[in-house]
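Asker: Sequence first, then the predicted structure:
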Amino acid sequence: MPPQPEATTGSATPSLEPVVSPATEAVTPASGEELLDQISEGLRQKASAKQEIWRNVQATFEALRGVSQEIVNELTRRLTPVDTHIVIEYRAVSEFEFQVRFSGDLLVFVLHSNIVTFPEDHPLLQSDYVQEDFRRRFFGHIMAYNFMADAIRYARMQDTGYLMSRMLVNIDNKVFLEGAQELNLPVTDRQAVEPMEAGPAALRQFVESAMIAAVNNDLLAPDLDSIRTLTVKQKLENQQLREPPRKVGFTFGYEAGGMVG
């Protein structure tokens, strides 16, 4: 006969069910109505602001077109009597791009179609101005790239363009300029960043500074060893140089080039 288990004595066996403390109680999930309220509020605050910023940056880009054409006309009047071979011209490409060509340089102005922000530690987001209004942390942006004019003309696909300057436009229709060190934009105290009015003065500074930096930055010849041979493919595609001439180079960033407001 198998041994029988001994009868238990003393207190009862403790329950194995977990004890839920107030701190670990399950959180009641939000109802459908509450979630819709959150989405609605997010759209009201953020999406609405971004739509207004987009309208602002579109208007600024169109104004920038006009200012660029004025600068081209002014320089043409000054230089044509001196040297008729110096060509300065404006070219409309699309609603998101236009170009300014002068001598062997080409500035490509591009309107980005998205509204952006920056990491929390970015100097602009830490400024008193942005801290006053959450919506001021969002920006439309316009970039100015410098290419060699022949790179576009002859479709040299391996040639590189350099970002010269960026214009940020916010919900107040104010602008901030960021640029390469060669633009010599003044560095503004991080806590005292003040925006510029999106008027002719700021737009001219954006275009003229980029033009000056491009003119003053010359091409460097490629290393001789990199161009000793030429493939048939490169010849047929008009890619005569495996390593094309490059600009001396630009240093871009808030710390390097500054932000003017």
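Answerer: Perfect, thanks for sending it.
Asker: bridging residues for the residue nearest the centre of the chain?
Answerer: The centre of the chain sits closest to H141, judged by CA atoms, centre = their mean, with a distance of 5.7 Å. In this entry, H141 is beta-bridged to L168, by DSSP bridges.
Asker: cool, and I88?
Answerer: Assigned bridge partners for I88, using DSSP bridges, are F102.
Asker: Run through the stretch 151-261 of the chain and note the low-pLDDT ranges.
Answerer: Within the stretch 151-261 of the chain, the segments meeting pLDDT under 70 span 154, 180-194, 218-221, 226, 236-261.
Asker: hey, where'd the helices end up in it?
Answerer: 200-216, 232-236, 254-257 (DSSP state H, counting those that start in this stretch).
Asker: out of the ones you listed, deepest packed?
Answerer: Neighbour counts (mean count of other CB atoms under 10 Å) averaged over each of the helices of the stretch 151-261 of the chain peak at helix 200-216, with a mean of 19. To be clear about C-beta, it is placed using only N, CA and C from the backbone, and glycine gets the same treatment.
Asker: ok, back up a step: including distance to N146, could the helices of the stretch 151-261 of the chain go into CSV?
Answerer: As requested, the helices of the stretch 151-261 of the chain are exported to CSV (distance: least, CB to CB, whole Å):
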stretch, distance to N146
helix 200-216, 5
helix 232-236, 24
helix 254-257, 14
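Asker: ok, the residue nearest to the centre of the chain - contacts?
Answerer: By CB atoms under 8 Å, 6 or more residues apart in numbering, the contact list for H141 reads 57, 112, 116, 166-169.
Asker: hmm, try it at 10 Å
Answerer: By CB atoms under 10 Å, 6 or more residues apart in numbering, the residues touching H141 are 57, 110-112, 114-116, 166-169, 175-176, 178.
Asker: And the helices of the stretch 151-261 of the chain: which comes nearest D128?
Answerer: Minimum separation from D128 across these (CB to CB) falls at helix 254-257, 16.3 Å.
Asker: What segments of the stretch 151-261 of the chain are strands?
Answerer: Secondary structure of the stretch 151-261 of the chain, counting by DSSP state E, counting those that start in this stretch: strands at 162-169, 174-179, 196-197, 219-220, 246-247, 259-260.
Asker: Just the CA trace of the longest one, in CSV.
Answerer: It refers to strand 162-169. Only the C-alpha atoms of strand 162-169 are listed here, as CSV (Å, rounded to 0.1, in the frame of the first residue of the first chain):
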residue,chain,number,x,y,z
TYR,A,162,27.9,72.6,-52.2
LEU,A,163,25.2,73.9,-49.8
MET,A,164,26.0,77.6,-49.4
SER,A,165,23.2,78.8,-47.3
ARG,A,166,19.8,77.9,-45.9
MET,A,167,16.9,80.1,-45.1
LEU,A,168,14.4,79.1,-42.4
VAL,A,169,10.9,80.6,-42.4
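Asker: can you give me the offset of that strand from its chain's centre?
Answerer: Strand 162-169 has its C-alpha centroid displaced from the chain centroid by 7 Å (CA atoms, centre = their mean, to the nearest Å).
Asker: follow-up on the earlier one: now do the residue nearest to the centre of the chain, the pLDDT please.
Answerer: Per-residue confidence (pLDDT) for H141: 94.
Asker: swap in the one 5 residues further on?
Answerer: N146 carries a pLDDT score of 89 in this model.
Asker: Just grab the bridge partners of it for me.
Answerer: L107, Y162.
Asker: Looking at the helices of the stretch 151-261 of the chain, which is nearest to R91?
Answerer: helix 200-216 (14.2 Å).
Asker: What does the pLDDT read for E70?
Answerer: pLDDT, E70: 96.
Asker: State the distance from it to E120.
Answerer: E70 is 39 Å from E120, where distance means CB to CB, to the nearest Å.
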